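1. Can you look at this prediction? I've put the sequence above it.
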Amino acid sequence: MSLRIYDPLRKRKVEFKPVNEGKVGMYFCGMTVQSEPHIGHMLAALTGDMVRSYLEYLGYEVTHIQNFTDIGDSVLEKALEEGVDYKVVAERNIDLYFEQARALNIRDASIYPRATEHIPEMLKLIERLVEREHAYDSEEAVYFAVRSYDNYGQLSGRKIDDLYSGVRVEVSGGKRDELDFALWKKCPADEPGFDSPWGRGRPGWHIECSAMASRYCGETVDLHGGGLDLKFPHHENERAQSEAANCSTFANFWLHNGMLTVGGEKMSKSLGNYVAMGDLLERYNPEVLRFYLLSTHFRSRSEFEEKQLVRAEGSLDRIREFSLGLHERLAAAPEHIEVQSAVGKALADATTRALERWREAMDDDFNTGGAIGRIFELVKEFNRLVAADDAALSADREALVAARDALETMAGVLRLFTDGLPIERKLEIPPQVTAWLAERDQARVDKDWAGADRLRDLIHEAGFVILDGPEGSKVKAR
RNA sequence: GGCGGCAUGGCCAAGUGGCUAAGGCGACGGUCUGCAAAAUCGUUAUCCCCGGUUCGAGUCCGGGUGCCGCCUCCA
């Protein structure tokens, strides 16, 4: 098996092959930092992180670029509203992004280029487009001539003639064609802007990604990602500019993550129905949020429901218990065994199978939902074997190690646990709770059930759950 | 209106024409417990509707129905 990725141009999954053997350049469109990140932004970032992680697992050396659009009308408007410099708004939201992305165990990309720091690259690209007559200067802006690029519309599956709509406003500002879009928007001296051969202005939205992608990944990026809503016009325009300027393929593979909806409607800043990441992080374990987002295929659209987060919590606990169970047995397992038991063999087989199937799922267009299912299959088999013959299973160090390593890979590549696999229950039991527990044990010996239950309530309120088992009573965190 | 996508058990969600349609949550029934809880085991679907292709379709094709996204800033 090898990695296959869905290609929107060919509308089918295609075997992944990087431009340079062993190396992958991937560019993901990051957020326009006009406001705080919401969970949809994080889904996009997480998709990039997951893809990178799996590619690295496959042995590729990955250059992962994710930009920040730190200038643009929406950022400027926000700054104006607040009466501060646009950079203040941008910095604040970039800081928030980093804080929240890291909380989600998203690794830092290789580089986070910002639009405002790549003006020279953009100007150079525009210059080339003008030279090649793919772009023209006019009164309000430098425009890209859409009709000059033959493949326009291919990526988003549109016919260029269908894009004209009767409702659209009249061609204005010196546009030669209604569909042409701005590469460089001219602005007055008192507005934030940069000097250019065409006068003071600001970059159009699409040009930054074209310029930065090729600056860091070369003329052809292996993977280009972003939300599905960016497919048109953003990615279509990026592609048009870059290919017209360079006469080479802009991106070999496109990864568009599906949209998160709330109440059936797309979550977005403009609709105001977004769920702020900061808010969620206050109420949920970030590991749960990550697990939740990975449990659905990234290309699917999905309805965001908090009740699913609550469920994800329980699911993740199941994997956590599995890891703890493995490590507990591993810590006590003998160095060697003479003959492998039936249950040991069964665990070894289940491990091999889970890992294979996990990889098949990941190879299939990064099917994380399926991959997580494979983890649970191993969990279930392990628990079943524990129930069947715990003693024999606990004695099989080799099988336990293999299972642990497999889990380490499967959960590790998905980065499900921020601090690595859960190894031991970290529990600080206050002396008071220990005392109550002892008191309760005595009450139980005395068959004073009312007293025992009262103590159990006290311990519960202190944040602990009592586990009564054959070997006596223990507590664990609630 | 144009383009694209999706429809799988109570909920969420995998499924690359063919052994018993993953997995999670929930529910129900066991194990454990003094009773519980926690943990765990088991049980729990023929895949929106109608046609077609095929020896065989959830999986391909056509037609419905419903939902979503894009066509304007947008992850």
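-> Ah, there it is. Residues are numbered from 1 along each chain as shown, chains lettered A, B, ... in the order given.

2. For the residue of the stretch 301-450 of chain A at minimum distance from RNA strand B, list the residues it contacts.
-> RNA strand B sits closest to A:Gly373 of the stretch 301-450 of chain A, with a gap of 2.2 Å, by CB to the nearest atom of the strand. In this view, the C-beta of every residue, glycine as well, is placed from N, C-alpha and C. Taking CB atoms under 8 Å, 6 or more residues apart in numbering, we find A:Gly373 in contact with A:Ala361.

3. Next: the one 3 residues further on.
-> For A:Phe376, the set of contacting residues under the criterion of CB under 8 Å, 6+ apart consists of A:Ser315, A:Arg318, A:Ile319.

4. What pLDDT does the model give it?
-> pLDDT for A:Phe376: 97.

5. give me the element it is part of.
-> A:Phe376 is part of helix A:368-395, with elements assigned from DSSP states H and E.

6. contacts for the host helix or strand of A:Ala244?
-> Taking DSSP H and E as the criterion, A:Ala244 maps to helix A:236-246. For helix A:236-246, contacts defined as CB under 8 Å, 6+ apart pick out A:125, A:128-129, A:132, A:134, A:144, A:146, A:148-149, A:151-153, A:155-156, A:158, A:181, A:183, A:206-207, A:209-210, A:213-214, A:219, A:224, A:249-251.

7. do the same with stretch A:384-401
-> Residues contacting stretch A:384-401 (CB under 8 Å, 6+ apart): A:325-326, A:329-330, A:332-337, A:340-348, A:351.

8. Name the residues of that stretch that are buried.
-> A:Leu385, A:Val386, A:Ala392, A:Leu393, A:Ser394, A:Ala395, A:Asp396, A:Arg397, A:Ala399, A:Leu400 (16 or more other CB atoms under 10 Å).

9. Same question for stretch A:50-57.
-> A:Met50, A:Val51, A:Arg52, A:Ser53, A:Tyr54, A:Leu55.

10. rewinding a little: quick one: mean pLDDT over the helix holding A:Ala244.
-> 96.

11. That helix near RNA strand B at all?
-> No. Taking CB under 7 Å from any atom of the strand as the criterion, helix A:236-246 and RNA strand B are apart, separated by no less than 8.7 Å.

12. name the helices or strands packed onto the helix or strand following that helix?
-> With elements assigned by DSSP H and E, the helix or strand that comes after helix A:236-246 is strand A:251-257. Other elements packing on strand A:251-257 under the criterion 3 or more CB pairs under 8 Å, 6 or more residues apart in numbering; DSSP states H and E are strand A:4-7, helix A:39-57, strand A:221-227.

13. Partner strands of strand A:251-257, with direction?
-> Strand A:251-257 has the following strand partners under DSSP bridges: strand A:221-227 (parallel).

14. Report the angle between the strand it pairs with and helix A:236-246.
-> 160 degrees (axes from the mean of the first three to the mean of the last three CA atoms, to 10 degrees).

15. which residues of the stretch 1-150 of chain A fall in helices?
-> Here the stretch 1-150 of chain A has its helices, by DSSP state H, counting those that start in this stretch, at A:39-57, A:73-82, A:86-103, A:119-131.

16. now, of these, which is deepest in the fold?
-> Ranked by mean neighbour count, those are led by helix A:39-57 with a mean of 23 (mean count of other CB atoms under 10 Å).

17. And the nearest residue to A:Leu316 once chain neighbours are set aside, how close does it get to A:Gln432?
-> Counting by CB to CB, 6 or more residues apart in numbering, A:Leu316 lies nearest to A:Phe291, which is 4.8 Å off, once chain neighbours are set aside. As judged by CB to CB, to the nearest Å, A:Phe291 and A:Gln432 stand 34 Å apart.

18. the more surrounded of those two?
-> A:Phe291 (22 against 11; other CB atoms under 10 Å).

19. tell me the SS of that one?
-> Applying DSSP: H, G, I helix; E, B strand; the rest coil to A:Phe291 yields a three-state assignment of helix.

20. Give me the buried subset of the contacts of A:Phe376.
-> Among those, those scoring as buried are A:Ser315, A:Ile319 (criterion: 16+ other CB under 10 Å).

21. So which of the contacts of A:Phe376 would count as near RNA strand B as well?
-> Okay, of these touching RNA strand B (CB under 7 Å from any atom of the strand), that's A:Ser315, A:Arg318.

22. Make a markdown table out of the contacts of A:Phe376 and add secondary structure, distance to A:Gly72 and pLDDT.
-> Compiled in a markdown table, the contacts of A:Phe376 are given as follows (DSSP: H, G, I helix; E, B strand; the rest coil; distance: CB to CB, whole Å; pLDDT from 0 to 100):
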| residue | secondary structure | distance to A:Gly72 | pLDDT |
| --- | --- | --- | --- |
| A:Ser315 | helix | 39 | 94 |
| A:Arg318 | helix | 44 | 95 |
| A:Ile319 | helix | 41 | 97 |
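
23. so A:Leu437 touches A:Val475, yeah?
-> Yes. Between A:Leu437 and A:Val475 there is a contact under CB atoms under 8 Å: 6.3 Å.

24. so what sits against both of the two?
-> What both A:Leu437 and A:Val475 touch, as defined by CB under 8 Å, 6+ apart, is the set A:Ile459, A:Ile466.

25. Can you pull the residues of the stretch 301-450 of chain A lying near RNA strand B?
-> Checking the stretch 301-450 of chain A against RNA strand B by CB under 7 Å from any atom of the strand, the hits are A:301-303, A:305, A:307-308, A:311-312, A:314-315, A:317-318, A:321-322, A:360-361, A:364-365, A:367, A:369-370, A:372-373, A:376-377, A:379-380, A:383-384, A:386-387, A:444, A:449.

26. How about the stretch 201-350 of chain A: which residue is closest to RNA strand B?
-> Closest point on the stretch 201-350 of chain A to RNA strand B, by CB to the nearest atom of the strand, is A:Gly227, at 2.2 Å.

27. Which pLDDT value goes with that residue?
-> pLDDT recorded at A:Gly227 is 95.

28. Tell me how far it lies from A:Phe298.
-> Distance, A:Gly227 to A:Phe298, using CB to CB: 10 Å.

29. returning to what we had before: who wins for proximity to A:His64 among the helices of the stretch 1-150 of chain A?
-> helix A:39-57 (4.7 Å; CB to CB).

30. one step back: mutual contacts of A:Gly227 and A:Phe298, please.
-> Shared contacts of A:Gly227 and A:Phe298, defined by CB under 8 Å, 6+ apart, comprise A:Leu43, A:Asn257.

31. so how many other residues sit close to the closest residue to A:Asp7 other than its chain neighbours?
-> Excluding its sequence neighbours, the residue lying closest to A:Asp7 (CB to CB, 6+ apart) is A:Val14, at 4.6 Å. Look at A:Val14: counted by other CB under 10 Å, it has 16 neighbours.

32. Right, I'll leave it there.
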